[in-house]
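Trainee: I'd like to go over a predicted model; first the sequence, then the structure.
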Amino acid sequence: YLGKSATYDEFDHRNRHGTFSPVGSALELRALARLYDVLEGRSPHGNATVNAALGAVRDLQVTTSWPLILRLLEAEAAGRIGAGDLARAVRNIASFVLRRLVCAETSRGYGRWFCAVCKELGTDPVADLERFLESKGWPDDRRFVSSFVGMDLYNSKYRRAVLDAIELARQHKSERVDLSNASIEHVMPRTLGADEDGDAWRQGLGDDWRDQHARWLDTPGNLTLVGAEYNSSMQNCRFAVKKEVLGRRSVIALNRWFADKSIDVWDAEQIEFRGRALAEYAVDLWPPPPTLKQDRWIAASAELDERSLAVDDIVRVLTRSSLTLGQRVFFKALLEAEEVSSAELRDRLGMKVGLTSQLSGLGRRINGTNLRSTGGRPGLVLICEGWVEGAGTYRARPELVEAIARLPDLNAYLRGATWEELTADSAYIGYEAG
(Lines give C-alpha, C1' and ligand atoms only; values in the text may rest on other atoms or scores of the structure.)
Protein backbone atom coordinates (compact mmCIF):
# COMPACT_ATOMS: atom_id res chain seq x y z
CA TYR A 1 0.00 0.00 0.00
CA LEU A 2 1.37 3.39 -1.03
CA GLY A 3 -0.07 6.62 0.34
CA LYS A 4 -0.78 9.54 -2.01
CA SER A 5 1.90 11.72 -0.41
CA ALA A 6 4.57 9.09 -1.10
CA THR A 7 3.75 8.64 -4.79
CA TYR A 8 6.39 11.05 -6.15
CA ASP A 9 9.17 9.72 -3.93
CA GLU A 10 8.41 6.14 -5.02
CA PHE A 11 8.33 7.16 -8.69
CA ASP A 12 11.64 8.96 -8.31
CA HIS A 13 13.22 5.97 -6.53
CA ARG A 14 12.19 3.56 -9.29
CA ASN A 15 13.46 5.70 -12.14
CA ARG A 16 16.55 7.47 -10.81
CA HIS A 17 19.11 5.05 -12.26
CA GLY A 18 18.74 5.96 -15.92
CA THR A 19 15.96 3.51 -16.76
CA PHE A 20 13.27 6.17 -17.05
CA SER A 21 11.59 6.39 -20.46
CA PRO A 22 9.32 9.41 -20.86
CA VAL A 23 7.66 7.93 -23.95
CA GLY A 24 7.22 4.53 -22.36
CA SER A 25 5.78 6.05 -19.17
CA ALA A 26 3.39 8.24 -21.20
CA LEU A 27 2.16 5.23 -23.19
CA GLU A 28 1.66 3.23 -20.01
CA LEU A 29 -0.27 6.07 -18.39
CA ARG A 30 -2.46 6.45 -21.48
CA ALA A 31 -3.28 2.73 -21.51
CA LEU A 32 -4.09 2.77 -17.81
CA ALA A 33 -6.18 5.92 -18.22
CA ARG A 34 -8.34 4.14 -20.79
CA LEU A 35 -8.85 1.25 -18.39
CA TYR A 36 -9.64 3.73 -15.62
CA ASP A 37 -12.39 5.23 -17.80
CA VAL A 38 -13.87 1.73 -18.09
CA LEU A 39 -13.56 1.24 -14.34
CA GLU A 40 -15.41 4.47 -13.56
CA GLY A 41 -18.04 3.91 -16.24
CA ARG A 42 -17.05 6.73 -18.60
CA SER A 43 -16.29 4.18 -21.32
CA PRO A 44 -18.07 0.80 -21.66
CA HIS A 45 -16.28 -2.49 -21.53
CA GLY A 46 -16.76 -4.66 -24.59
CA ASN A 47 -18.36 -7.45 -22.52
CA ALA A 48 -21.86 -6.96 -21.05
CA THR A 49 -21.20 -9.28 -18.09
CA VAL A 50 -18.09 -7.34 -17.15
CA ASN A 51 -20.02 -4.06 -17.46
CA ALA A 52 -22.67 -5.39 -15.07
CA ALA A 53 -20.04 -6.54 -12.55
CA LEU A 54 -18.25 -3.18 -12.67
CA GLY A 55 -21.56 -1.40 -12.21
CA ALA A 56 -22.27 -3.46 -9.09
CA VAL A 57 -18.95 -2.41 -7.56
CA ARG A 58 -19.52 1.24 -8.47
CA ASP A 59 -22.96 1.09 -6.83
CA LEU A 60 -21.25 0.00 -3.61
CA GLN A 61 -18.80 2.93 -3.86
CA VAL A 62 -15.83 0.70 -3.04
CA THR A 63 -13.16 3.05 -4.38
CA THR A 64 -10.52 1.33 -2.23
CA SER A 65 -10.80 -1.60 -4.63
CA TRP A 66 -9.91 0.51 -7.69
CA PRO A 67 -6.18 -0.44 -7.71
CA LEU A 68 -7.09 -4.14 -7.61
CA ILE A 69 -9.74 -3.87 -10.33
CA LEU A 70 -7.37 -1.80 -12.45
CA ARG A 71 -4.78 -4.56 -12.15
CA LEU A 72 -7.40 -7.12 -13.21
CA LEU A 73 -8.44 -4.98 -16.19
CA GLU A 74 -4.79 -4.69 -17.13
CA ALA A 75 -4.41 -8.49 -16.95
CA GLU A 76 -7.40 -8.96 -19.24
CA ALA A 77 -6.10 -6.38 -21.72
CA ALA A 78 -2.79 -8.28 -21.82
CA GLY A 79 -4.60 -11.57 -22.44
CA ARG A 80 -3.65 -13.16 -19.14
CA ILE A 81 -7.30 -13.65 -18.10
CA GLY A 82 -10.55 -13.79 -20.04
CA ALA A 83 -13.64 -11.60 -19.73
CA GLY A 84 -15.46 -14.34 -17.78
CA ASP A 85 -12.73 -14.54 -15.16
CA LEU A 86 -12.60 -10.76 -14.94
CA ALA A 87 -16.35 -10.52 -14.33
CA ARG A 88 -16.18 -13.25 -11.68
CA ALA A 89 -13.29 -11.53 -9.88
CA VAL A 90 -15.11 -8.18 -9.84
CA ARG A 91 -18.31 -9.83 -8.58
CA ASN A 92 -16.24 -11.44 -5.83
CA ILE A 93 -15.09 -8.01 -4.66
CA ALA A 94 -18.68 -6.74 -4.53
CA SER A 95 -19.83 -9.86 -2.69
CA PHE A 96 -17.00 -9.63 -0.16
CA VAL A 97 -17.75 -5.99 0.63
CA LEU A 98 -21.54 -6.27 0.81
CA ARG A 99 -21.58 -9.47 2.84
CA ARG A 100 -19.18 -7.99 5.37
CA LEU A 101 -21.32 -4.86 5.71
CA VAL A 102 -24.49 -6.91 6.23
CA CYS A 103 -22.69 -8.99 8.86
CA ALA A 104 -21.43 -5.83 10.63
CA GLU A 105 -17.78 -6.44 9.82
CA THR A 106 -15.43 -3.47 9.67
CA SER A 107 -14.29 -1.97 6.37
CA ARG A 108 -11.10 -0.74 7.99
CA GLY A 109 -8.17 -2.22 6.16
CA TYR A 110 -9.79 -2.48 2.72
CA GLY A 111 -7.31 0.01 1.26
CA ARG A 112 -4.35 -2.09 2.37
CA TRP A 113 -5.96 -5.45 1.58
CA PHE A 114 -6.99 -4.64 -1.98
CA CYS A 115 -3.51 -3.33 -2.75
CA ALA A 116 -1.76 -6.22 -1.00
CA VAL A 117 -3.64 -8.88 -2.94
CA CYS A 118 -2.38 -7.43 -6.23
CA LYS A 119 1.00 -8.97 -5.41
CA GLU A 120 -0.58 -12.38 -4.84
CA LEU A 121 -2.34 -12.69 -8.20
CA GLY A 122 -0.50 -15.48 -10.00
CA THR A 123 -1.40 -17.72 -12.92
CA ASP A 124 -4.96 -18.18 -11.61
CA PRO A 125 -5.97 -14.67 -10.43
CA VAL A 126 -9.58 -15.55 -9.63
CA ALA A 127 -8.67 -18.46 -7.34
CA ASP A 128 -5.88 -16.41 -5.77
CA LEU A 129 -8.27 -13.54 -5.08
CA GLU A 130 -10.91 -15.85 -3.61
CA ARG A 131 -8.40 -17.45 -1.25
CA PHE A 132 -7.16 -14.06 -0.11
CA LEU A 133 -10.62 -12.60 0.51
CA GLU A 134 -11.75 -15.74 2.29
CA SER A 135 -8.76 -15.47 4.62
CA LYS A 136 -9.88 -11.94 5.53
CA GLY A 137 -13.37 -13.03 6.55
CA TRP A 138 -15.88 -13.58 3.75
CA PRO A 139 -19.25 -14.42 5.41
CA ASP A 140 -20.86 -17.69 4.31
CA ASP A 141 -24.48 -18.10 3.22
CA ARG A 142 -25.96 -19.04 6.57
CA ARG A 143 -24.42 -16.10 8.39
CA PHE A 144 -25.25 -13.71 5.56
CA VAL A 145 -28.93 -14.72 5.40
CA SER A 146 -29.35 -14.57 9.17
CA SER A 147 -27.80 -11.11 9.33
CA PHE A 148 -29.60 -9.80 6.23
CA VAL A 149 -33.08 -10.49 7.59
CA GLY A 150 -32.61 -8.35 10.68
CA MET A 151 -30.17 -5.69 9.47
CA ASP A 152 -30.89 -1.96 9.45
CA LEU A 153 -30.85 -1.59 5.68
CA TYR A 154 -32.64 1.74 5.52
CA ASN A 155 -29.87 3.59 7.35
CA SER A 156 -27.12 1.85 5.37
CA LYS A 157 -25.31 3.63 2.54
CA TYR A 158 -26.05 0.56 0.41
CA ARG A 159 -29.83 0.65 0.78
CA ARG A 160 -30.52 1.69 -2.81
CA ALA A 161 -27.78 -0.54 -4.20
CA VAL A 162 -29.37 -3.57 -2.52
CA LEU A 163 -33.00 -2.82 -3.33
CA ASP A 164 -32.24 -1.74 -6.90
CA ALA A 165 -30.17 -4.86 -7.56
CA ILE A 166 -32.91 -7.19 -6.30
CA GLU A 167 -35.55 -5.26 -8.23
CA LEU A 168 -33.61 -5.39 -11.51
CA ALA A 169 -32.98 -9.11 -11.03
CA ARG A 170 -36.72 -9.70 -10.69
CA GLN A 171 -37.87 -7.52 -13.57
CA HIS A 172 -38.74 -9.04 -16.91
CA LYS A 173 -35.84 -8.37 -19.29
CA SER A 174 -38.22 -7.24 -22.02
CA GLU A 175 -40.12 -4.87 -19.72
CA ARG A 176 -37.59 -2.89 -17.73
CA VAL A 177 -38.90 -0.30 -15.27
CA ASP A 178 -36.94 2.94 -14.89
CA LEU A 179 -35.98 3.33 -11.22
CA SER A 180 -34.48 6.81 -11.47
CA ASN A 181 -37.58 8.43 -9.95
CA ALA A 182 -38.36 5.64 -7.50
CA SER A 183 -37.99 6.11 -3.77
CA ILE A 184 -37.79 3.81 -0.77
CA GLU A 185 -41.06 3.10 0.98
CA HIS A 186 -41.57 1.70 4.48
CA VAL A 187 -44.54 -0.67 4.24
CA MET A 188 -45.05 -0.43 7.99
CA PRO A 189 -44.70 3.36 8.30
CA ARG A 190 -42.04 5.11 10.31
CA THR A 191 -44.71 7.00 12.26
CA LEU A 192 -47.81 5.37 13.72
CA GLY A 193 -50.09 8.36 14.08
CA ALA A 194 -52.77 9.08 16.65
CA ASP A 195 -55.53 8.38 14.14
CA GLU A 196 -57.47 5.44 12.70
CA ASP A 197 -54.58 4.42 10.46
CA GLY A 198 -52.19 4.41 13.42
CA ASP A 199 -54.69 2.42 15.49
CA ALA A 200 -54.96 -0.17 12.71
CA TRP A 201 -51.18 -0.61 12.65
CA ARG A 202 -50.94 -0.92 16.42
CA GLN A 203 -53.73 -3.49 16.47
CA GLY A 204 -52.05 -5.53 13.72
CA LEU A 205 -48.68 -5.48 15.47
CA GLY A 206 -50.11 -6.65 18.80
CA ASP A 207 -49.66 -5.65 22.41
CA ASP A 208 -45.89 -5.28 22.05
CA TRP A 209 -46.28 -3.01 19.01
CA ARG A 210 -43.61 -0.57 20.18
CA ASP A 211 -40.94 -3.28 20.32
CA GLN A 212 -42.06 -4.85 17.04
CA HIS A 213 -42.13 -1.48 15.28
CA ALA A 214 -38.64 -0.58 16.47
CA ARG A 215 -37.26 -4.06 15.70
CA TRP A 216 -38.51 -4.47 12.11
CA LEU A 217 -39.07 -0.94 10.79
CA ASP A 218 -35.85 -0.47 8.80
CA THR A 219 -35.17 -4.13 7.92
CA PRO A 220 -35.20 -5.35 4.29
CA GLY A 221 -38.54 -7.13 4.63
CA ASN A 222 -40.31 -3.85 5.40
CA LEU A 223 -38.73 -1.84 2.58
CA THR A 224 -39.71 -1.58 -1.06
CA LEU A 225 -39.48 0.80 -4.00
CA VAL A 226 -42.33 2.95 -5.30
CA GLY A 227 -42.87 5.82 -7.69
CA ALA A 228 -42.85 9.30 -6.20
CA GLU A 229 -46.61 9.75 -6.60
CA TYR A 230 -47.35 6.55 -4.69
CA ASN A 231 -44.89 7.41 -1.94
CA SER A 232 -46.65 10.69 -1.22
CA SER A 233 -50.15 9.22 -1.45
CA MET A 234 -49.57 6.27 0.90
CA GLN A 235 -47.48 7.87 3.64
CA ASN A 236 -48.76 6.49 6.98
CA CYS A 237 -51.90 4.81 5.64
CA ARG A 238 -53.09 1.48 7.03
CA PHE A 239 -51.90 -1.72 5.40
CA ALA A 240 -55.13 -2.35 3.46
CA VAL A 241 -54.57 0.91 1.57
CA LYS A 242 -50.89 0.24 0.94
CA LYS A 243 -51.59 -3.33 -0.19
CA GLU A 244 -54.00 -2.02 -2.82
CA VAL A 245 -51.42 0.42 -4.19
CA LEU A 246 -48.42 -1.90 -4.01
CA GLY A 247 -50.09 -5.10 -5.09
CA ARG A 248 -52.41 -3.85 -7.82
CA ARG A 249 -51.14 -0.52 -9.15
CA SER A 250 -47.37 -0.59 -8.85
CA VAL A 251 -45.34 -1.94 -11.78
CA ILE A 252 -42.24 -2.52 -9.66
CA ALA A 253 -41.39 -6.22 -9.38
CA LEU A 254 -40.63 -6.06 -5.65
CA ASN A 255 -44.27 -5.22 -5.06
CA ARG A 256 -45.69 -8.37 -6.67
CA TRP A 257 -45.34 -9.85 -3.18
CA PHE A 258 -48.29 -7.74 -2.02
CA ALA A 259 -50.61 -9.06 -4.73
CA ASP A 260 -50.96 -12.28 -2.72
CA LYS A 261 -54.55 -12.45 -1.51
CA SER A 262 -53.56 -14.38 1.62
CA ILE A 263 -51.68 -11.38 3.08
CA ASP A 264 -54.23 -9.47 5.14
CA VAL A 265 -51.97 -8.06 7.84
CA TRP A 266 -48.43 -6.71 7.91
CA ASP A 267 -46.77 -7.67 11.18
CA ALA A 268 -43.40 -8.90 12.43
CA GLU A 269 -44.00 -12.41 11.07
CA GLN A 270 -44.77 -11.14 7.57
CA ILE A 271 -41.83 -8.73 7.55
CA GLU A 272 -39.38 -11.40 8.65
CA PHE A 273 -40.77 -13.85 6.10
CA ARG A 274 -40.43 -11.41 3.20
CA GLY A 275 -36.96 -10.53 4.48
CA ARG A 276 -35.92 -14.17 4.15
CA ALA A 277 -37.24 -14.29 0.59
CA LEU A 278 -35.24 -11.15 -0.28
CA ALA A 279 -32.20 -12.70 1.40
CA GLU A 280 -32.43 -15.60 -1.05
CA TYR A 281 -32.18 -13.18 -3.94
CA ALA A 282 -29.29 -11.40 -2.23
CA VAL A 283 -27.39 -14.68 -1.85
CA ASP A 284 -27.59 -15.21 -5.61
CA LEU A 285 -26.70 -11.61 -6.46
CA TRP A 286 -23.68 -11.48 -4.14
CA PRO A 287 -22.59 -15.15 -4.08
CA PRO A 288 -19.75 -16.58 -2.01
CA PRO A 289 -16.83 -18.55 -3.44
CA PRO A 290 -17.54 -22.26 -4.05
CA THR A 291 -15.78 -23.19 -0.80
CA LEU A 292 -18.33 -21.22 1.24
CA LYS A 293 -21.50 -22.39 -0.52
CA GLN A 294 -23.90 -24.09 1.91
CA ASP A 295 -27.28 -25.71 2.14
CA ARG A 296 -28.92 -22.65 3.63
CA TRP A 297 -32.10 -24.39 4.73
CA ILE A 298 -30.88 -27.71 6.08
CA ALA A 299 -31.10 -26.47 9.67
CA ALA A 300 -34.69 -25.34 9.19
CA SER A 301 -35.64 -28.66 7.63
CA ALA A 302 -33.94 -30.60 10.42
CA GLU A 303 -35.84 -28.61 13.02
CA LEU A 304 -39.11 -29.31 11.24
CA ASP A 305 -38.35 -33.03 11.06
CA GLU A 306 -38.14 -33.09 14.85
CA ARG A 307 -41.66 -31.73 15.12
CA SER A 308 -44.96 -33.49 14.63
CA LEU A 309 -45.86 -32.65 11.04
CA ALA A 310 -49.61 -33.22 10.99
CA VAL A 311 -51.37 -33.76 7.66
CA ASP A 312 -54.31 -31.83 9.08
CA ASP A 313 -52.07 -28.78 9.45
CA ILE A 314 -51.08 -28.91 5.79
CA VAL A 315 -54.69 -29.33 4.70
CA ARG A 316 -55.59 -26.31 6.84
CA VAL A 317 -52.95 -24.21 5.07
CA LEU A 318 -53.91 -25.46 1.60
CA THR A 319 -57.57 -24.55 2.13
CA ARG A 320 -57.00 -21.29 4.01
CA SER A 321 -56.58 -19.22 0.85
CA SER A 322 -56.72 -19.58 -2.92
CA LEU A 323 -53.75 -21.19 -4.65
CA THR A 324 -51.73 -19.27 -7.22
CA LEU A 325 -50.60 -20.60 -10.57
CA GLY A 326 -47.05 -20.92 -9.28
CA GLN A 327 -48.14 -23.06 -6.34
CA ARG A 328 -50.22 -25.34 -8.56
CA VAL A 329 -47.33 -25.78 -10.99
CA PHE A 330 -45.07 -26.65 -8.08
CA PHE A 331 -47.48 -29.25 -6.67
CA LYS A 332 -48.05 -30.91 -10.06
CA ALA A 333 -44.31 -31.13 -10.68
CA LEU A 334 -43.78 -32.70 -7.24
CA LEU A 335 -46.56 -35.22 -7.77
CA GLU A 336 -45.26 -36.30 -11.19
CA ALA A 337 -41.60 -36.81 -10.25
CA GLU A 338 -39.66 -37.99 -7.22
CA GLU A 339 -37.68 -34.75 -7.33
CA VAL A 340 -37.80 -31.61 -9.46
CA SER A 341 -35.15 -28.99 -10.16
CA SER A 342 -35.59 -25.26 -9.76
CA ALA A 343 -34.59 -24.86 -13.43
CA GLU A 344 -37.49 -27.09 -14.50
CA LEU A 345 -39.90 -25.09 -12.35
CA ARG A 346 -38.76 -21.84 -13.92
CA ASP A 347 -39.23 -23.37 -17.36
CA ARG A 348 -42.71 -24.52 -16.41
CA LEU A 349 -43.58 -21.07 -15.10
CA GLY A 350 -42.11 -19.40 -18.16
CA MET A 351 -40.63 -16.81 -15.77
CA LYS A 352 -44.04 -15.14 -15.67
CA VAL A 353 -44.05 -15.05 -11.89
CA GLY A 354 -41.36 -14.96 -9.23
CA LEU A 355 -40.44 -18.49 -8.15
CA THR A 356 -39.56 -17.53 -4.59
CA SER A 357 -42.74 -15.60 -3.82
CA GLN A 358 -44.95 -18.26 -5.39
CA LEU A 359 -43.43 -21.10 -3.42
CA SER A 360 -43.31 -19.22 -0.16
CA GLY A 361 -46.93 -18.15 -0.49
CA LEU A 362 -48.20 -21.57 0.61
CA GLY A 363 -47.15 -21.31 4.20
CA ARG A 364 -47.08 -17.57 4.75
CA ARG A 365 -49.84 -17.67 7.30
CA ILE A 366 -49.50 -20.76 9.50
CA ASN A 367 -50.74 -19.18 12.71
CA GLY A 368 -51.90 -21.53 15.37
CA THR A 369 -50.25 -24.67 13.97
CA ASN A 370 -47.19 -26.57 15.11
CA LEU A 371 -45.41 -25.30 11.98
CA ARG A 372 -45.18 -21.73 13.23
CA SER A 373 -41.70 -20.22 13.59
CA THR A 374 -39.75 -23.09 12.07
CA GLY A 375 -36.70 -20.89 11.77
CA GLY A 376 -36.73 -21.16 7.97
CA ARG A 377 -39.07 -20.45 5.08
CA PRO A 378 -42.37 -22.02 6.19
CA GLY A 379 -43.81 -22.36 2.68
CA LEU A 380 -40.76 -24.11 1.29
CA VAL A 381 -39.89 -26.22 4.33
CA LEU A 382 -43.50 -27.25 4.61
CA ILE A 383 -43.58 -28.92 1.23
CA CYS A 384 -40.03 -30.17 0.79
CA GLU A 385 -37.76 -32.68 2.43
CA GLY A 386 -34.91 -30.28 1.84
CA TRP A 387 -33.15 -27.98 -0.56
CA VAL A 388 -29.94 -29.45 -1.93
CA GLU A 389 -27.75 -26.51 -2.86
CA GLY A 390 -25.53 -28.29 -5.35
CA ALA A 391 -28.24 -30.30 -7.13
CA GLY A 392 -30.96 -27.67 -6.89
CA THR A 393 -33.81 -30.10 -6.32
CA TYR A 394 -37.05 -30.12 -4.36
CA ARG A 395 -38.65 -33.25 -2.90
CA ALA A 396 -42.23 -33.73 -1.81
CA ARG A 397 -42.88 -34.61 1.79
CA PRO A 398 -45.13 -37.67 2.16
CA GLU A 399 -47.41 -35.55 4.34
CA LEU A 400 -47.97 -33.15 1.46
CA VAL A 401 -48.96 -35.97 -0.91
CA GLU A 402 -51.46 -37.26 1.66
CA ALA A 403 -52.81 -33.75 2.30
CA ILE A 404 -53.44 -33.19 -1.42
CA ALA A 405 -55.14 -36.59 -1.61
CA ARG A 406 -57.62 -35.34 1.02
CA LEU A 407 -58.64 -32.52 -1.36
CA PRO A 408 -60.44 -34.42 -4.16
CA ASP A 409 -60.86 -31.45 -6.51
CA LEU A 410 -57.27 -30.32 -6.14
CA ASN A 411 -55.90 -33.85 -6.43
CA ALA A 412 -57.92 -34.56 -9.60
CA TYR A 413 -56.99 -31.22 -11.12
CA LEU A 414 -53.24 -31.61 -10.53
CA ARG A 415 -53.08 -35.22 -11.71
CA GLY A 416 -55.52 -34.88 -14.61
CA ALA A 417 -54.76 -31.50 -16.18
CA THR A 418 -52.12 -31.25 -18.89
CA TRP A 419 -49.33 -28.73 -18.46
CA GLU A 420 -50.90 -26.59 -21.19
CA GLU A 421 -54.26 -26.58 -19.40
CA LEU A 422 -52.67 -25.85 -16.04
CA THR A 423 -50.54 -22.91 -17.16
CA ALA A 424 -53.30 -21.43 -19.30
CA ASP A 425 -55.38 -20.77 -16.18
CA SER A 426 -53.62 -18.03 -14.19
CA ALA A 427 -56.50 -17.34 -11.82
CA TYR A 428 -56.44 -18.00 -8.09
CA ILE A 429 -58.34 -21.22 -7.29
CA GLY A 430 -59.70 -22.26 -3.91
CA TYR A 431 -60.23 -25.83 -2.70
CA GLU A 432 -62.13 -27.42 0.13
CA ALA A 433 -61.36 -30.61 2.01
CA GLY A 434 -63.48 -33.61 1.06
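Mentor: Here it is on my side, so go on. Numbers count the residues shown, from 1 in each chain.
Trainee: Report the contact partners of residue 414.
Mentor: Contacts for residue 414 (CB atoms under 8 Å, 6 or more residues apart in numbering) come out as 328, 331-332, 335, 404, 422. C-beta here means a position set from N, CA and C on the backbone, and glycine is covered the same way.
Trainee: Taking these, tell me the two that lie furthest apart.
Mentor: Comparing all pairs in the contacts of residue 414 by CB to CB, the longest separation belongs to 404 and 422, at 14.3 Å.
Trainee: between those two, which one's more packed in?
Mentor: Under the criterion of other CB atoms under 10 Å, the comparison of residue 404 against residue 422 puts residue 404 first, with 25 against 18.
Trainee: can you pull the contacts of the more buried one?
Mentor: Contacts were defined as CB under 8 Å, 6+ apart; by that measure residue 404 touches 318, 331, 335, 410-411, 414.
Trainee: Could you do residue 59 as well?
Mentor: 158, 160-161, 164-165.
Trainee: Check those against residue 143 and report the nearest one.
Mentor: Relative to residue 143, the closest of the contacts of residue 59 is residue 158; by CB to CB it sits at 17.4 Å.
Trainee: shouldn't residue 72 be in contact with residue 126?
Mentor: No - counting by CB atoms under 8 Å, residue 72 does not reach residue 126; the two are 9.1 Å apart.
Trainee: Of these two, which one has the most company?
Mentor: Comparing residue 72 with residue 126 by other CB under 10 Å, the one with more neighbours is residue 72, at 27 against 19.
Trainee: hang on, the earlier thing: most surrounded residue in the contacts of residue 59?
Mentor: Highest neighbour count within these: residue 165, with 21 neighbours (other CB under 10 Å).
Trainee: wait, it sits on residue 53?
Mentor: No - taking contact to mean CB under 8 Å, the distance of 11.8 Å between residue 165 and residue 53 leaves them out of contact.
Trainee: you'd agree residue 224 is in a helix?
Mentor: No - with the criterion set as DSSP: H, G, I helix; E, B strand; the rest coil, the secondary structure at residue 224 is strand rather than a helix.
Trainee: so what's it up against?
Mentor: With contacts defined as CB under 8 Å, 6+ apart, the neighbours of residue 224 are 163, 184-185, 187, 246, 252, 254-255.
Trainee: let's go with 7 Å and repeat that
Mentor: For residue 224, the contact set (CB atoms under 7 Å, 6 or more residues apart in numbering) comprises 185, 187, 246, 254-255.
Trainee: Filter the residues you listed down to the ones in strands?
Mentor: Within the contacts of residue 224, residues falling in strands by DSSP state E are residue 185.
Trainee: Buried ones from the contacts of residue 224, can you make that a PyMOL selection?
Mentor: One line in PyMOL is enough to select the buried members of the contacts of residue 224, burial here meaning 16 or more other CB atoms under 10 Å:
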select buried, resi 185+187+246+254+255
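Trainee: ok, so of the contacts of residue 224, who is nearest residue 279?
Mentor: For these, the residue nearest residue 279 by CB to CB is residue 254; the value is 13.7 Å.
Trainee: ok, the closest one to residue 223 distance?
Mentor: As for residue 254, its distance to residue 223 is 9 Å (criterion: CB to CB, to the nearest Å).
Trainee: What does the pLDDT read for the nearest residue to residue 268 once chain neighbours are set aside?
Mentor: Closest residue to residue 268 in three dimensions, ignoring its sequence neighbours and counting by CB to CB, 6 or more residues apart in numbering: residue 212, at 4.6 Å. Looking at residue 212, its pLDDT is 91.
Trainee: I figured residue 212 was touching residue 205, is that so?
Mentor: Yes - contact status for residue 212 versus residue 205: in contact at 4.7 Å, counting by CB atoms under 7 Å.
Trainee: Quick check: neighbours shared by the two?
Mentor: Overlap between the contact sets of residue 212 and residue 205, as judged by CB under 7 Å, 6+ apart, is given by residue 267.
Trainee: Filter the contacts of residue 404 down to the ones in helices?
Mentor: Using DSSP state H to define helices, the subset of the contacts of residue 404 located there is 318, 331, 335, 410-411, 414.
Trainee: would a markdown table of these with pLDDT be doable?
Mentor: Formatted as a markdown table, the ones in helices among the contacts of residue 404 follow (pLDDT from 0 to 100):
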| residue | pLDDT |
| --- | --- |
| 318 | 73 |
| 331 | 79 |
| 335 | 83 |
| 410 | 85 |
| 411 | 87 |
| 414 | 86 |
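Trainee: Check those and tell me the two furthest apart.
Mentor: Pairwise distances across the ones in helices among the contacts of residue 404 peak at 13.4 Å for 318 and 335 (criterion: CB to CB).
Trainee: Give the residue from those two that has the larger number of neighbours.
Mentor: Under the neighbour definition other CB under 10 Å, residue 318 and residue 335 were set side by side, and residue 318 has more, 25 against 16.
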